[in-house]
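Visitor: Next one to model:
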Amino acid sequence: MNVLYAGTPTNSADILKFLALSKKINIKGVITQNNKIGKRGNKLIESPVAIEAKKHKIPVFMPTDLNEDEFKKTLDSLNIDILLVVAYGRIIPEWLLKLPKLFPINIHFSLLPKYRGASPIQSSLLKGDKVTGVTYIKMNKLLDSGKIIKQFTCDINPSDNKNTLEKKLTELSINKLIEVLDYIKQDELSFVDQDETKKTYCKKINKEDGLLDFTENSSSIHNKFRAYYGWPGTSFVHNDITIKIHNLKLTNDLSSGKPGSFHKFDASGIYINTGDKVIVITDLQFPNKNIISSKDAFNSYKNFFV
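Guide: Numbering: from 1, shown residues only. Below you'll find the model as predicted:
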């Protein structure tokens with residue numbers, strides 16, 4: 001089966017690696033986003049998908065304009081059966097959706113029609129969901145609204161964060177991928193329309209989303225910490241300094257004061273009052289400093305917090 005692949009981030013690169021090593025799949029090319037400028041501004045950084053594709057000597061396309069004539073001609077010559085899209089990050093034009101002999105497939109990390117859009121993993125954690133999954137859809141020109149080919153569920157553990165849940169969903173996608181590709185080669189296929197009455201959408205995450213509001217209840221704050229783990233991370237402001245949180249836990253203690261005030265502070269953690277119960281921060285980071293434990297913070301920054 002000839003496949004044209006489109007994706008950008010690490011989880012997409014992991015799925016590409018599996019396909020590249022599969023004897024059943026011939027990847028004719030990879031579309032990914034353009035190189036980004038590094039944090040220091042002096043180096044261009046390739047996407048994880050581009051890096052993985054080059055390891056397997058797969059042609060890489062990074063078009064600025066997906067409708068450029070030469071790009072169209074090149075892809076048309078690839079004679080592809082399937083277009084497989086996993087977190088590419090750009091809208092696929094209609095001509096490209098019509099290019100494969102069979103049809104275009106998107107792997108989406110939610111149980112569609114729930115959480116259409118750019119941040120399904122974060123959204124499931126923010127809502128405190130107990131179950132999520134991956135959905136294989138036959139793509140159309142509307143956002144994440146195509147017919148469902150197959151859908152697989154995955155439990156969300158209380159300890160899961162964005163990174164761990166993304167890894168679980170990536171592994172689930174890989175484990176089911178050949179099953180789905182074998183299925184679509186059948187003569188008679190049965191797809192399921194998404195229930196439009198149950199559709200929800202999720203937004204693109206911004207850096208500012210990680211700033212905590214302690215007037216919210218403790219569960220919502222903890223879910224935000226889980227959802228934004230890694231990037232953008234969560235933080236709070238104290239004495240006009242933004243402090244990043246690297247570990248945050250729930251307690252059963254009822255808040256004893258104004259939300260955002262300190263319930264207590266000792267070597268075991270910074271205990272902060274919220275809208276209902278106390279949360280505790282056990283690992284933190286000041287701007288341009290290393291991550292420290294609450295014990296180190298108590299020894300070195302006690303006067304700052306008290």
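
Visitor: When you work out contacts or count neighbours from here on, use the C-alpha atoms and nothing else.
Guide: Will do.

Visitor: Helix or strand, whichever it is, which one in the protein has the lowest mean pLDDT?
Guide: strand 36-37 (a mean of 79; mean pLDDT, DSSP states H and E).

Visitor: Sheet partners, orientation included, of that one?
Guide: Listed by DSSP bridges, the sheet partners of strand 36-37 and their directions read strand 44-45 (antiparallel).

Visitor: which residues are in contact with the partner strand?
Guide: 35-38 (CA atoms under 8 Å, 6 or more residues apart in numbering).

Visitor: sec struct for residue 105, please.
Guide: With DSSP: H, G, I helix; E, B strand; the rest coil as the basis, residue 105 sits in strand.

Visitor: Could you do residue 16 as well?
Guide: Quick answer, by three-state DSSP: residue 16 is helix.

Visitor: do the one 3 residues further on as well
Guide: When classified by three-state DSSP, residue 19 comes out as helix.

Visitor: got it, and residue 185?
Guide: Here residue 185 is coil, with the state taken from three-state DSSP.

Visitor: Per-residue pLDDT of it, please?
Guide: Note on residue 185: pLDDT of 89.

Visitor: Phi first, then psi, for residue 70.
Guide: The phi/psi pair for residue 70 (degrees, to the nearest 10) reads phi -70, psi -40.

Visitor: count of neighbours near it?
Guide: By other CA atoms under 10 Å, 10 other residues sit near residue 70.

Visitor: cool, and residue 130?
Guide: 12.

Visitor: Residue 159 is in contact with that one, correct?
Guide: No. Taking CA atoms under 8 Å as the definition, residue 130 is not a contact partner of residue 159, at 11.2 Å.

Visitor: In terms of distance to residue 272, which of the contacts of strand 44-45 ranks first?
Guide: residue 38 (35.8 Å; CA to CA).

Visitor: need the contact list for that closest one.
Guide: Applying CA under 8 Å, 6+ apart, the residues contacting residue 38 are 44-45.

Visitor: And the pLDDT at residue 40?
Guide: 64.

Visitor: same thing with residue 24?
Guide: Residue 24 is given a pLDDT of 89.

Visitor: Run through the residues that contact it.
Guide: residue 1.

Visitor: and it, what element?
Guide: Assigned by DSSP states H and E, residue 24 belongs to no helix or strand.

Visitor: go on, residue 179?
Guide: With DSSP H and E as the test, residue 179 turns up in helix 162-183.

Visitor: Give me the helices and strands touching the very next helix or strand once past that helix, please.
Guide: Later in the chain than helix 162-183, the nearest helix or strand by DSSP H and E is strand 201-202. Contacts defined by 3 or more CA pairs under 8 Å, 6 or more residues apart in numbering; DSSP states H and E place strand 201-202 against strand 116-117.

Visitor: chain center to the strand it packs on: distance?
Guide: Centroid separation for strand 116-117 versus its chain: 11 Å, with CA atoms, centre = their mean, to the nearest Å.

Visitor: Check stretch 117-124 too.
Guide: The answer for stretch 117-124 is 7 Å, by CA atoms, centre = their mean.
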